[in-house]
Every structure is written in C-alpha cells, then in structure tokens.
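Asks: no sequence on this one, just coordinates:
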C-alpha cells in the first residue's frame, strides 16, 4: 500500500488579509456618479477636505501599505478618463477623490484552494537537498471573485518552511496592453515595495471580471535553453470562460494572454514543461469527462482537438476525470496527476505515467486514489473535495500542496518509487 506523509501544516482562508482596490461606480446616460463625486470634492473648502482626509488616514493608513500612493494613482486614472489636468487639483483633494473611488477588499475571506507549486527563481544559499518554491493559490473573496495569491517557502526532507507573509498585501498594477499582437492581453507588475508572498493578481479585463481560476504553473524550458514560468488558468467573465496563459521570467512582471483556437475553449489545460518532438503539448479535458493530449506549433494557439488518452475506469473516478497540474518529467516517463469524481461527487487524486517520447501512450495508472476526501478533509465551503493544480519533485518525493473542500490547503509528500509501483 502506498504510504504518503502529510505534515500538520494547513493554510486557511483569512478575512483579515485585505488590499485596496478601485471602486467602480455605475455610469448611465442620465447620471455619472464618479463625475459627481469628483466635482463635489473639487468644490469642497480645504478645511473640510483636510478633515475628511484625516479620517480616512486614521481609519485605513495603518491597514495598508502606501495608501497615499494608491489614492493618487486612482485619482490619476479617473482624471485621465475625464480629460482633467491633474495639476489643477490640490494634492489633498487628489488624495480624497482617490479614497472615494477605492475600497478595501478581503481577497481570501470566502475560500483558499487549488494550489500549484513550482521552483523559485532564487535557489541561492540553500542546504543540499533543499528547494525554494513558489506556490500559487486561488483566493476567493466577496462576490465569489477569484484572484491569484502567492506564498514562498523552502522544502527539504519532508519539511516545509513557509516565508512569513508581510503585514500588508498589495494588488499588482495593470500596465496596459502588451506590445505584441495578442488580442485582450495585458501586462501587470508587482509593487516594487511588495514581496511575492504579499502580492495578489486580480482580474483586469472584461473576460476575467469574475475571476482568475486555478493557475497551473510550471517552469518551462525552451529549446534554446532559456526558461520562464508559464501557467494556464481559466478567466471567468461571469457568463463565459476562456483559457488564458500567464507568462513571467521573474515574478515581478506578468503577462496575461488569452489563448486562441478551438482547443482553448475548456477549463483545466495543463502545459508540459518543454516541447516534445518539436511540439508544444498540453493535457486538456475537451469533453468534460476524459483527458486528451493536445499539440500545437504555437504557445498561444491551440486548434488541435487532441487524442483521448484517459477516461473514467475505476469506481472513484466514474463520474469524470481531470488533470491536476502540468506533467512532471521523470526518467520513467511523464508523471501526470489526475483527479476523479465518484459517488456523491466525492473527489480523489490519482496519477498516470505517460511515455516520455510519445505522451499519447499510457504506461500505467493508479488503481486506487493517492488521496481522497475523508474525515476532516470532507468538510468546508464545497464538501468532499481534494484538488491540486500542480506538484514538483523534491528528491525522491513528490511535493504536493492540495486544496481541501475549497476551504483550506494541506500538503503531502508522495514517494515516487512507491507511486510508480502502485500503478
């Protein structure tokens, strides 16, 4: 029987983690509330404006990092949209207008779930056998809006050390459209004064309005040896979904790029960490039930409908299957984590091994789950769910963070040798 090690560490949703976000007021042909507020503050006498600003600073100044900088940035956005010269407004009123058009948002008040993990760009100063990692998390706040949060840490010999979160969280800022011709793509940047563990990526386009869901991130090595971090995720507008890709070389600047093609219409795409036989490859679930191998000549365009490679076979996955993150390269082949849904919509995590040179060939798969929802792992925001968006190899183990009932994140170390023998 496969024995896994599960340390007691768990991460939970935390309503005290808040960021300052733009507050968008409705605008109709009959009424522009933003302009009304703008005009009201401009007309306000300076004594009143300073008094109101003092209240804002007293209430929120100690809860956030550089609130004045955020307020001024928000004021500049609105003034530019309205065609108003920012220098014509005194700084105290600029700050106050910015404050009226922002709000405090608890980005992980409802849930914290569906983690993915990859190696950190900085691997210096570590003891032998240790690895510094970056973990992405799906954080869900008011209105069930999903964002991407990060935690950094070090893993070694089945021990996990998470870097402390800074007292203040900050939202990455949008820096407009990409120079390349990617329709709907945007670039966002981490605040220069914020650590990665204190950074949150929020929806910035109409297609993402209701969430950035389930980032599956991997360190991708191009044929020329250059590396970058690529992650697929689902953009949700509130009505429609589309698959998009996050690209970054340093976790300071992030490009968010919609993927094109018929195969990019579904959730849960996971990218191989390198090209195989001259092709980019993905695992996808094209019919909502089975797993397919997808191929493309371009990272951003996926038109191939794919080859079905795995379908429900065992009782614990009889309802449907999906992938649980990018394939992991081993000497024996590509290790693919999967999830299965069984009776009473109970989720379990399993695995399969794909041929290294021809990933359409399945060399083995687990007869029984690696992890199933049980005991304390059953209860939460969505009961009976265990789910991961990615793991990494650390020594002889698979280091796998996973979501529990869409409410918390737990961790597991799975011995790779035993996992392969269980197939």
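Replies: Arrived safely, thanks for sending. Here the structure is a predicted model, which is why all the values come from computation and not from measurement. Numbering: from 1, shown residues only.
Asks: could you identify the helix or strand that succeeds the lowest-mean-pLDDT helix or strand in the chain?
Replies: The weakest-scoring helix or strand in the chain, judged by mean pLDDT, DSSP states H and E, is strand 173-177 (a mean of 66). Downstream of strand 173-177, the next assigned helix or strand under DSSP states H and E is strand 186-189.
Asks: quick one: strands adjacent to the following helix or strand past that following strand?
Replies: With elements assigned by DSSP H and E, the helix or strand that comes after strand 186-189 is strand 199-201. Sheet pairing for strand 199-201, assigned by DSSP bridges, gives strand 146-156 (antiparallel), strand 170-171 (parallel).
Asks: buried stuff in stretch 388-404?
Replies: 388-392, 394-395, 397-404 (16 or more other Cβ atoms under 10 Å). Bear in mind the C-beta positions are built from the backbone N, C-alpha and C, glycine included.
Asks: filter these down to the ones in strands?
Replies: 392, 394, 397, 398, 399, 400, 401, 402, 403, 404 (DSSP state E).
Asks: those residues: which two are farthest apart?
Replies: 394 and 404 (20.9 Å; Cβ to Cβ).
Asks: thinking again about what came up before, now, which of the buried residues of stretch 388-404 sits nearest residue 142?
Replies: residue 403 (19.8 Å).
Asks: name the element residue 363 belongs to?
Replies: strand 362-365.
Asks: count of neighbours near residue 157?
Replies: When neighbours are defined as other Cβ atoms under 10 Å, residue 157 has 11 of them.
Asks: and what of residue 189?
Replies: 13.
Asks: how much space between it and residue 150?
Replies: Separation of residue 189 from residue 150 (Cβ to Cβ, to the nearest Å): 14 Å.
Asks: next one: residue 22
Replies: 21 Å.
Asks: which of those two has more residues huddled nearby?
Replies: More crowded of residue 22 and residue 150, by other Cβ under 10 Å: residue 150, with 21 against 16.
Asks: touching, that one and residue 215? I think so.
Replies: No - applying Cβ atoms under 8 Å as the test, residue 150 and residue 215 come out as separate, 9.7 Å apart.
Asks: shared neighbours of those two, anything?
Replies: Jointly contacting residue 150 and residue 215 under the rule Cβ atoms under 8 Å, 6 or more residues apart in numbering are residue 136.
Asks: switch the strands paired with strand 199-201 over to JSON lines; also include mean pLDDT and distance to residue 343.
Replies: Formatted as JSON lines, the strands paired with strand 199-201 follow (pLDDT from 0 to 100; distance: least, Cβ to Cβ, whole Å):
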{"stretch": "strand 146-156", "mean pLDDT": "96", "distance to residue 343": "28"}
{"stretch": "strand 170-171", "mean pLDDT": "86", "distance to residue 343": "41"}
